[in-house]
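Asker: predicted structure and sequence below. I'll ask about it afterward.
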Amino acid sequence: MRRSLDIAVERLPFAKPFRISGHVFTESPVVVVTVSDGLHTGRGEASGVYYLGDDETTMAAALETVRDGLSAGMTRAELQAELPAGGARNAADCALWELDAKREGVPVWKLAGLPEPRPLLTTFTLGADDPGVMAEGARAYADARALKLKLTGDLDLDIARVRAVRAARPGCWIGVDANQGFQADELDPLVAALVECEIALLEQPLARGRESDLDGFNSPIPIAADESALTLADVDGLVGRFQTVNIKLDKCGGLTEAIAIARRARTLGLDVMVGNMVGSSWAMAPAWLLGQLCDVVDLDGPTFLAADRTPGIVYRDGYIDCPEAVWGQRALLATPAT
């Protein structure tokens, strides 16, 4: 049966500018793929990977190269071979997962062999700013039980940021994300300050390509690989340098490879984290399913948007939950298209 395929570019405005190391974001351009067999429809949304030049234009162009195949019935396994990792494959892969779930009459989690989903504790992210502003932001996240702080690589200022937030939220789980901002000779003073502030996780302190600088560095705080772990091919090389791998569907190219990464990481003794590149609930929903396998969950993307999808992800008491109607549900009643 031939399928119809729609590839759309949307721009999701942020509620306010968001700053990390080297970048300020005001919107999240996304690509939405919709695949239909006439009875059932699957959707997938992707933001791409900005630091790889994987944007809405390149994603849409990549998807056009597989338009005929997707329309003719390309499977998820065939898609893995036809498109490289990245946002385009993520959007198409997630759309096929939802389409297949509806056709099979089971939710995606069951089709994928994942645990039955439950609400998950998620981090809420504070963009890099003046320490006082970040402390106020931490207090404003009154329901948050876990916070992630964006750093910029300015060692003294970043330490001041961490101390200010810890003072504002003394009992909260806190991780920091350096977004490749530091040099190897800054690790000792950085980690010492993080230990003092009882920080639970240090994400990507060094640039991708500098992983060997972590050889022999014994951190008392787990170090998570983000930019250093794009795909399944990167995972084995993390052992001995990182303790955690941050999986993002946009990086690895969809839920299919994300599940494979999580399972491989476990066999290697690595902890598993799920993150996001910001997007709407359509992007968070498949990542939330992956989160059922994870130790750390960072899926606050829709909270940065001026408006989310309806229905959407639910955030309550520091947890993220995804009603079945958002994405990935079984087809409750299949009726012919008119």
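Answerer: Alright, I've got the coordinates.
Asker: got the contact list for R263?
Answerer: By Cβ atoms under 8 Å, 6 or more residues apart in numbering, the contact set of R263 is L293. Where C-beta positions appear, they are placed from N, C-alpha and C, glycine not excepted.
Asker: am I right that it sits in a strand?
Answerer: No. Secondary structure of R263 (DSSP: H, G, I helix; E, B strand; the rest coil): helix, not part of a strand.
Asker: what's the neighbour count on V297?
Answerer: Taking other Cβ atoms under 10 Å as the neighbour definition, V297 ends up with a count of 23.
Asker: what's it in contact with, if anything?
Answerer: When the contact criterion is Cβ under 8 Å, 6+ apart, the partners of V297 are L120, L121, T122, T123, M273, V274, W288, G291, I320.
Asker: what subset of those is buried?
Answerer: Restricting the contacts of V297 to buried positions leaves L120, T122, T123, M273, V274, W288, G291, I320, with burial counted as 16 or more other Cβ atoms under 10 Å.
Asker: reformat these as a markdown table; add pLDDT and distance to L214.
Answerer: Supplementary listing: the buried ones among the contacts of V297 in a markdown table, determined by pLDDT from 0 to 100; distance: Cβ to Cβ, whole Å:
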| residue | pLDDT | distance to L214 |
| --- | --- | --- |
| L120 | 98 | 28 |
| T122 | 98 | 27 |
| T123 | 98 | 23 |
| M273 | 98 | 17 |
| V274 | 98 | 22 |
| W288 | 98 | 30 |
| G291 | 98 | 26 |
| I320 | 98 | 30 |
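Asker: nearest to C172 among the contacts of V297?
Answerer: For the contacts of V297, the residue nearest C172 by Cβ to Cβ is T123; the value is 9.9 Å.
Asker: now intersect the buried ones among the contacts of V297 with the strands, please.
Answerer: In this view, these that belong to strands under DSSP state E are L120, M273, V274, I320.
Asker: so who does the last one touch?
Answerer: In other words, I320. Taking Cβ under 8 Å, 6+ apart as the definition, contacts of I320 comprise P119, L120, T122, M284, W288, G291, V297, L299, D300, I313, V314.
Asker: contacts only, for the residue nearest the centre of the chain.
Answerer: Nearest to the geometric centre of the chain sits N276, at 1.9 Å (Cα atoms, centre = their mean). For N276, the set of contacting residues under the criterion of Cβ under 8 Å, 6+ apart consists of S47, K248, L249, D250, A283, M284, A287, D298, L299, D300, G301.
Asker: for those, which one is nearest M74?
Answerer: Minimum distance to M74 across those is 18.5 Å, recorded for L249 (Cβ to Cβ).
Asker: find the nearest non-adjacent residue to that closest one, please.
Answerer: In space, and not counting its chain neighbours, L249 is closest to N90: 4.8 Å by Cβ to Cβ, 6 or more residues apart in numbering.
Asker: and the helices in the protein?
Answerer: In the chain, helices defined by DSSP state H lie at 56-64, 67-72, 76-82, 87-104, 108-111, 131-140, 155-168, 187-196, 232-235, 249-252, 255-267, 281-291, listed in chain order.
Asker: quick revisit: got JSON lines for the contacts of V297, with distance to A101 too?
Answerer: Shown next, in JSON lines, are these (distance: Cβ to Cβ, whole Å):
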{"residue": "L120", "distance to A101": "20"}
{"residue": "L121", "distance to A101": "26"}
{"residue": "T122", "distance to A101": "23"}
{"residue": "T123", "distance to A101": "28"}
{"residue": "M273", "distance to A101": "25"}
{"residue": "V274", "distance to A101": "19"}
{"residue": "W288", "distance to A101": "15"}
{"residue": "G291", "distance to A101": "18"}
{"residue": "I320", "distance to A101": "20"}
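Asker: can you tell me the number of residues neighbouring P131?
Answerer: The number of residues packed near P131 is 18, by other Cβ under 10 Å.
Asker: that one and G86, how far apart?
Answerer: Spatial separation of P131 from G86 under the definition Cβ to Cβ, to the nearest Å is 36 Å.
Asker: now swap in L96 and tell me
Answerer: Following Cβ to Cβ, the distance that separates L96 from G86 is 16 Å.
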